[in-house]
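# Just to be clear, the model below is a prediction. Sequence and coordinates:
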Amino acid sequence: MITWATRFRLRQYAKASLWIVPLFGLVLGVALAEAASSAEGVSWLPKTWDYSASTATSVLSSVVGSMIALLGFVVTIGVLVIQQATGTLSPRYMRLWYRDRLQKAVLATFTGTFAFAYTLLRSIEADSVPNFGVTMAGAAVSLSLLLLLIYLNRFTHNLRPVAIADIVGRQGERVLARAAAHLRPVLVSDGTLPPYGQVVGIRAERGGVIQAVDAAGMVALAARHDCVLVLGASVGDFVPPGGMLVEVRGGASVPDSRRVMDFVALGVERTIEQDPAFALRILVDIAIRALSPAVNDPTTAVQVLNHISSFLYAVGRAGVRSQYVLADDSGRPRLLVPARPWANYVQLAVTEIRDYGATSIQVCRRLRALLEGLLTALPTECGPALHAELGLLDEAVDRAFTDPLRRAGARSSDSQGIGGRPTHVVPPDAPHSDSGS
């Protein structure tokens with residue numbers, strides 16, 4: 001029987017694979033070619049679809065060659081995307097790029113057209129020409145060219161850092177919304193559990209990053225054994241070999257350790273399926289690479305901060321907690337899942353950008369606008385973490401700008417970094433703010 005963790009890993013592999021969908025296109029092309037050959041001789045085909053054997057051979061040979069050339073062209077584009085992502089964006093973005101459906105559709109269309117034309121070639125004889133198939137091969141080439149143009153247009157525009165930030169940010173917000181919908185019908189508390197005498201630890205047999213957890217399966221398993229399962233790390237954390245993975249508290253019986261581990265998927269890197277913070281990690285990576293001395297593009301960092309602001313707004317409105325307690329149908333706690341509190345999201349979003357962009361006036365001004373905007377838009381319980389980051393931003397500005405006038409400009413709030421309408425200006429002689437202001 002295939003476990004949940006194995007099914008999850010297989011789904012991840014299928015989503016990231018660039019050969020599975022084109023393989024289906026190859027098989028479909030052969031099947032359609034056989035069907036097209038069987039349609040020859042029907043009376044409804046127009047006379048304009050009649051070809052000589054030599055013409056049909058030339059057409060189909062040209063289609064086969066052109067499809068191979070186009071496949072090589074798309075592979076070349078893929079190599080350029082990898083170089084772009086690893087050099088100026090974030091290597092972690094590649095995990096999302098591999099899953100692009102349009103790219104797989106283009107590859108499948110090319111391989112399918114190749115297989116279709118190649119299969120038809122063997123059926124051409126001096127007195128038997130697959131006229132319908134040759135015409136369909138021409139139509140398939142036209143469709144391939146149209147998809148190629150759409151593909152080029154999409155990736156020409158989407159390779160810009162700001163476009164990628166928009167894609168990653170929206171995907172992270174969707175993951176956050178799915179997580180909120182998943183946790184809404186279950187018991188959510190502050191994480192307190194009644195005391196249990198028996199505590200059994202289940203350790204990871206091999207190291208890996210927690211990519212996802214089947215919460216429903218773990219709740220059902222804990223209910224069957226009348227125990228409480230406590231996940232030892234959050235989704236996205238790395239668990240070393242022998243590290244504590246799950247604690248089993250109380251219960252009439254202890255579930256088998258392998259059965260418990262079947263509900264926890266470990267892998268070599270983080271995924272975005274149940275880890276919205278991974279999207280924020282990618283956004284921050286793009287911003288700090290733009291702030292590196294080799295690139296020196298603070299405007300890109302400011303534009304990425306726009307999408308970070310939207311993501312943090314979604315996180316704050318979702319009301320994240322440091323941990324969740326999930327209950328069974330009777331309302332009894334069965335699973336404790338540690339999560340990232342609001343302060344962790346804020347620190348991840350601004351700490352490295354503040355450190356690498358402290359000498360850039362527009363980055364400092366945009367960061368202040370981001371924090372102050374969230375203060376006014378989010379509930380009051382989000383305020384302490386934002387005030388703490390504002391205090392750290394003030395300290396960074398004071399260290400980087402010794403001139404009072406420049407310091408005052410850097411401590412202003414500007415939604416565009418530079419060139420926008422300042423919403424708050426600190427006088428040059430104003431006292432420093434602390435983290436609790």
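Ah, there it is.
# Can you show me the strands along the stretch 151-300 of the chain?
199-203, 208-213, 228-231, 238-239, 244-249, 264-267 (DSSP state E, counting those that start in this stretch).
# Note down every partner strand of the third one and its orientation.
The reference is to strand 228-231. strand 244-249 (antiparallel), strand 333-338 (parallel) (DSSP bridges).
# So for S322, which of these sits nearest?
Among those, the nearest to S322 by CB to CB is strand 333-338 (7.0 Å). C-betas here are computed from N, CA, C, even on glycine.
# who wins for proximity to D355 among the strands of the stretch 151-300 of the chain?
Per CB to CB, nearest to D355 of those: strand 238-239, 23.1 Å.
# In this protein, spot the helix with the most residues.
helix 53-88 (DSSP state H).
# Pull out the buried positions in that helix.
Neighbour-count burial for helix 53-88 flags 56-57, 59-60, 63-64, 66-67, 70-71, 74, 77-78, 81, 84-85, 88 (criterion: 16 or more other CB atoms under 10 Å).
# Contacts for the following helix or strand past that helix next, please.
Going down the chain from helix 53-88, the next helix or strand is helix 94-97, by DSSP states H and E. With contact meaning CB atoms under 8 Å, 6 or more residues apart in numbering, helix 94-97 is reached by 16, 81-82, 85-86, 167-168, 171, 269, 271-272, 282.
# Kindly report the same for stretch 6-19.
By CB under 8 Å, 6+ apart, stretch 6-19 touches 2, 20, 78, 95, 98-99, 103-104, 107, 211-212, 214, 262, 265, 267, 271, 273.
# Just the buried residues of those.
78, 95, 98-99, 103-104, 107, 211-212, 214, 262, 265, 267, 271, 273.
# thinking again about what came up before, output the strands paired with strand 228-231 as a markdown table; include the columns mean neighbour count, distance to Q323 and mean pLDDT.
Output for these, formatted as a markdown table (neighbours: other CB atoms under 10 Å; distance: least, CB to CB, whole Å; pLDDT from 0 to 100):
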| stretch | mean neighbour count | distance to Q323 | mean pLDDT |
| --- | --- | --- | --- |
| strand 244-249 | 20 | 13 | 91 |
| strand 333-338 | 22 | 5 | 89 |
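# Which of the ones you listed sits closest to G236?
Once the strands paired with strand 228-231 are compared by CB to CB, strand 333-338 is nearest, at 10.6 Å.
# which residues sit against the helix or strand following that closest one?
As assigned by DSSP H and E, the chain's next helix or strand after strand 333-338 is helix 342-356. Contacts to helix 342-356, defined as CB under 8 Å, 6+ apart, come from residues 277, 280-281, 283-284, 287-288, 291-292, 301, 305, 308, 311-312, 315-316, 320, 363-364, 367, 370-371, 381-382, 384-386, 388-389, 392-393, 396.
# 7 Å instead, please
The contact list for helix 342-356 (CB atoms under 7 Å, 6 or more residues apart in numbering) reads 277, 280-281, 284, 287-288, 291, 301, 308, 312, 315-316, 320, 363, 367, 382, 385-386, 389, 392-393, 396.
# just stretch 167-175 next, same as before
By CB under 7 Å, 6+ apart, the list of residues contacting stretch 167-175 reads 93, 96, 158, 272-273, 276, 279-280, 282-283, 307, 310-311, 314.
# Quick check: which ranges of the stretch 251-400 of the chain have low pLDDT?
For the stretch 251-400 of the chain, no stretch has pLDDT under 70.
# The closest residue to R366 other than its chain neighbours: how many residues sit nearby?
Nearest in space to R366, with sequence neighbours left out and distances taken as CB to CB, 6 or more residues apart in numbering, is G417 at 4.2 Å. When neighbours are counted by other CB atoms under 10 Å, G417 registers 22.
# tell me the SS of G417?
Here G417 is recorded as coil under DSSP: H, G, I helix; E, B strand; the rest coil.
# and which of the contacts of stretch 167-175 is nearest to G251?
E273 (29.2 Å).
# contacting residues around the closest one?
Counting by CB under 7 Å, 6+ apart, E273 has contacts 175, 212.
# Equivalent analysis for the one 5 residues further on, please.
Remark: with contacts taken as CB under 7 Å, 6+ apart, F278 is in contact with 236, 270-272.
# for those, which one is nearest P341?
G236 (13.9 Å).
# can I assume that closest one is in contact with L280?
No: with contacts counted by CB atoms under 7 Å, G236 stays clear of L280, the gap being 10.7 Å.
# Between the two, tell me which one has more neighbours.
L280 (25 against 20).
# which residues does that one contact?
172, 308, 311, 345, 348-349.
# what does S360 give?
P298.
# next one: phi and psi at it?
phi -100, psi 120 (degrees, to the nearest 10).
# where does the stretch 1-150 of the chain dip in pLDDT?
In the stretch 1-150 of the chain (pLDDT under 70), the answer is 39-49, 84-85.
# what do you get if the cut-off is 80, keeping everything else the same?
1, 38-50, 78-97, 126-128 (pLDDT under 80).
# The residue lying closest to A140 once chain neighbours are set aside in helix, strand or coil?
Closest residue to A140 apart from its sequence neighbours, by CB to CB, 6+ apart: T113 at 4.2 Å. Using three-state DSSP, the structure places T113 in helix.
# How much space separates T113 from G25?
According to CB to CB, to the nearest Å, T113 and G25 sit 8 Å apart.
# Please apply the same query to P338.
43 Å.
# Check I68 too.
14 Å.
# And for R122, the neighbour number?
R122 - counted by other CB under 10 Å - has 10 other residues nearby.
# same check, this time on R101
Going by other CB under 10 Å, the residues that sit close to R101 add up to 9.
# Now it: phi and psi?
phi -70, psi -30.
# So it versus R259, what's the distance?
Taking CB to CB, one finds R101 at 35 Å from R259.
# Other residues contacting stretch 304-315?
Taking CB under 7 Å, 6+ apart as the rule, stretch 304-315 contacts 161-162, 165-166, 169, 172-173, 176, 279-280, 283, 286-287, 342, 345-346, 349, 366-367, 370, 373-374, 377-378.
# what do you get for stretch 75-90?
91, 93-94, 97, 155, 159, 161, 164, 282, 285-286, 289, 295.
# out of these, which are buried?
For these, buried by 16+ other CB under 10 Å: 93, 97, 155, 159, 161, 164, 282, 285-286, 289.
# I'd like to know which of the residues you listed is nearest to V199.
I282 (37.1 Å).
# Settle this for me: that closest one is touching Y93, isn't it.
Yes: the criterion here is CB under 7 Å, and I282 meets it with Y93 at 5.5 Å.
# Quick check, R407 in contact with A396.
No: applying CB under 7 Å as the test, R407 and A396 come out as separate, 11.1 Å apart.
# What about the residue nearest to R366? Give its phi and psi, please.
Given degrees, to the nearest 10, the pair of backbone angles that G417 has is phi 80, psi -70.
# what does Q323 give?
Torsion angles, degrees, to the nearest 10, at Q323: phi -160, psi 160.
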